[in-house]
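> Provided below for reference: sequence and predicted model.
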Amino acid sequence: MPGKKVLIVDNSLFMRVALSSVLRRLKFEVAGTAKNSVEAYHQCCDCNPDIVLMDMSMANREDFALVQGIVDRDPAASVILKISEN
């Protein structure tokens, strides 16, 4: 998987920075970060990530629509949903 382009979607700046750092050390290309589903959709259109790592603790209708939009736009893209406790 190293070398794959990853888009990180999380409403927490701390988590976006931390995940970016870890993924870069593991040789992934961080194609972008987004704090909400609107930013994430635009980033997906701009950078065509191979993997979207998305925080579902902020889940709402737009987030579920984003997952569907990503898959509709690029069936080969992988969407990884993470859930974190505060």
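Yes, it's here.

> Buried ones in the lowest-mean-pLDDT helix or strand in the chain, by neighbour count?
Counting by mean pLDDT, DSSP states H and E, the chain has its least confident helix or strand at helix 61-73, which shows a mean of 83. Judged by neighbour count (16 or more other Cβ atoms under 10 Å), helix 61-73 contains these buried residues: 63, 66-67, 69-70. Any C-beta I mention is one placed from the backbone N, CA and C, and that applies to glycine too.

> where along the chain do the strands fall?
5-9, 29-34, 51-55, 78-82 (DSSP state E).

> Of the ones you listed, flag the one that's most buried.
Mean neighbour count, computed with mean count of other Cβ atoms under 10 Å, is highest for strand 5-9 among the strands of the chain, reaching a mean of 24.

> Check which helices and strands that one sits against.
Contacts defined by 3 or more Cβ pairs under 8 Å, 6 or more residues apart in numbering; DSSP states H and E place strand 5-9 against helix 13-25, strand 29-34, helix 37-47, strand 51-55.

> rewinding a little: report the angle between the least confident helix or strand of the chain and strand 51-55.
If you take axes from the mean of the first three to the mean of the last three Cα atoms, to 10 degrees, helix 61-73 sits at 170 degrees to strand 51-55.

> tilt between helix 61-73 and strand 78-82?
Using the same axes, to 10 degrees, helix 61-73 lies at 160 degrees relative to strand 78-82.

> Now do helix 61-73: which elements does it pack against?
By 3+ Cβ pairs under 8 Å, 6+ apart, helix 61-73 packs against helix 37-47, strand 51-55, strand 78-82.
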